[in-house]
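Visitor: quick one, structure for this:
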Amino acid sequence: MSTSTTDAVYPRPVLGQMPPYAAGKPPAVIEGLTAYKLSSNENPFGPVPAVVDVIRRYAESGQTCRYPETTCSALRGRIGETFGVEPDDVVAGAGSLGALMQIISTFAGAGEDGQKDEVIFAWRSFEAYPIVVRAAGAQDVQVPLTADHRHDLKAMTAAITDRTRVILLCTPNNPTGPSLSTAEVEGFLATVPPHIMVVIDEAYIEFNRASDAVDGVDVYRRYPNVVVLRTFSKAHGLANLRVGYSISRPEITQYLRVMATPFAVSSLAEQAAMASLDHLDEVQERVQRVVDERERVVASLRELGFEVPQSEGNFFWLPLGERTPELVDTAGSQALSVRGFGTEGARVSVGEVEANDRLLRMMSEFGVR
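Guide: Residues are numbered from 1 along each chain as shown. Below is the predicted model:
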């Protein structure tokens, strides 16, 4: 990347150090086969009917020419009622990723001495983490997962330095699937200095069925340095509307609101999210259908001899190593798109029953070597 000032404009040098974000690709069109996208952890059942009604009414309202209310006060109030938190503790963003960008850009970057703040997270985890951290001017510190694809919390504690400003915990972990327990998180927090922010990213919490799973909202109530991230993209089926939020103490939210992008959440997204919260029983029914399919598919894959870590999201991880590209290509030939991560493994979203059945037939032929 050129840095010459004589021939053209040029971006910040950090751009050359940022990994590209690789979104899940759409499936190939194969004659005679219905194509299924299993690469982006989308909810195959979509939003509940009440949300569809909201979208229809909004399209007819003529309000697309009007700006939304900047603080999403109505949605924050509804989130407060639903989860028993103060509305002022909620900051909305364009998905949980938008909320994360607000957090990192507010609390990590370059210090007054010119040195980069550090942000610790497990790796592999959500691939946007290093992008967001580096874009803010901070330094990412990646701590390898354990052999069973879980956060290595002891190693994350050991990685803390006097430059550490933020630590990210992704639970359930995307793309590998395991979740953190309450005991694990509280034990970890006991080792973290109170001036360091700990973000509990719970984008997939609704799919978590682990009996000892941590509840970030419960933790934030007892630890002033904890921030919780959640989204309407996954369980609620609102990925395209881009609405998520963070929950933290007022001493944190007061700064997040300063850095928040104005009008990041549209009025349509806000109204749809509220309608979904008003029909949580229907949302939970759809989530349970995904969970049931996840358990069925994972059990079948293990019977075929594949190693599949315990997943508590709407996806599962196949640590296939060098065979990963082969799996991606094989799935493509069956009109299925899955998300390959180099030669580490593949993340497969739980899809419709027919998609899952086709995947299992394919994996039976793919075989274990």
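Visitor: and Met197, what is it in contact with?
Guide: Ile103, Phe107, Arg165, Val166, Ile167, Asn225, Val226, Val227, Ile252 (C-beta atoms under 8 Å, 6 or more residues apart in numbering). From N, CA and C alone the C-beta is placed, and that goes for glycine too.
Visitor: apologies, that question was intended for Pro224.
Guide: Pro194, Arg249, Glu251.
Visitor: surely the first one is in contact with Arg249?
Guide: No. Shown here, Pro194 and Arg249 do not form a contact pair, counting by C-beta atoms under 8 Å, at 11.9 Å.
Visitor: when the two are compared, which one has more neighbours?
Guide: Set side by side, Pro194 and Arg249 show more neighbours around Arg249, with 17 against 10, by other C-beta atoms under 10 Å.
Visitor: could you list which of the contacts of Pro224 belong to helices?
Guide: Secondary structure from DSSP state H places Glu251 of the contacts of Pro224 in helices.
Visitor: closest one of the contacts of Pro224 to Pro44?
Guide: Distance to Pro44 across those (C-beta to C-beta) is lowest for Arg249, with 36.5 Å.
Visitor: what about the residue lying closest to that closest one once chain neighbours are set aside, distance to Arg230?
Guide: Distances taken as C-beta to C-beta, 6 or more residues apart in numbering place Pro224 nearest to Arg249, at 5.2 Å, with adjacent residues excluded. Separation of Pro224 from Arg230 (C-beta to C-beta, to the nearest Å) stands at 19 Å.
Visitor: circling back: possible to save the contacts of Pro224 as CSV with pLDDT and distance to Gly98?
Guide: Converted to CSV, the contacts of Pro224 look like this (pLDDT from 0 to 100; distance: C-beta to C-beta, whole Å):
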residue, pLDDT, distance to Gly98
Pro194, 97, 27
Arg249, 98, 20
Glu251, 96, 21
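Visitor: dump the contacts of Pro224 into CSV; add distance to Glu42 as well.
Guide: Supplementary listing: these in CSV, determined by distance: C-beta to C-beta, whole Å:
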residue, distance to Glu42
Pro194, 38
Arg249, 32
Glu251, 36
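Visitor: out of the contacts of Pro224, which is nearest to Gln115?
Guide: Pro194 (21.6 Å).
Visitor: quick check: phi and psi on the closest one?
Guide: phi -70, psi -10 (degrees, to the nearest 10).
Visitor: same question, the one 4 residues further on
Guide: Backbone geometry at Val198, expressed as degrees, to the nearest 10, gives phi -120, psi 120.
Visitor: my read: it touches Val228, true?
Guide: No. Judged on C-beta under 8 Å, Val198 makes no contact with Val228 at a distance of 9.9 Å.
Visitor: those two: which is more packed in?
Guide: Val228 (27 against 22).
Visitor: what's the helix or strand the more buried one falls within packed up against?
Guide: In this assignment (DSSP states H and E), Val228 forms part of strand 226-231. For strand 226-231, the packing partners by 3 or more C-beta pairs under 8 Å, 6 or more residues apart in numbering; DSSP states H and E come out as helix 95-107, strand 197-201, helix 216-222, strand 244-247.
Visitor: and that strand with helix 95-107, angle?
Guide: 150 degrees (axes from the mean of the first three to the mean of the last three C-alpha atoms, to 10 degrees).
Visitor: now tell me what touches strand 226-231 from outside.
Guide: 95-96, 99-100, 103, 189, 197-203, 205, 216-217, 219-220, 243-248, 252.
Visitor: for the contacts of Met197, give me CSV that also has distance to Ala355, pLDDT and neighbour count.
Guide: What follows is the contacts of Met197, written out as CSV (distance: C-beta to C-beta, whole Å; pLDDT from 0 to 100; neighbours: other C-beta atoms under 10 Å):
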residue, distance to Ala355, pLDDT, neighbour count
Ile103, 35, 98, 26
Phe107, 40, 97, 21
Arg165, 42, 98, 19
Val166, 37, 98, 24
Ile167, 36, 99, 26
Asn225, 42, 98, 20
Val226, 37, 98, 24
Val227, 35, 98, 27
Ile252, 41, 98, 22
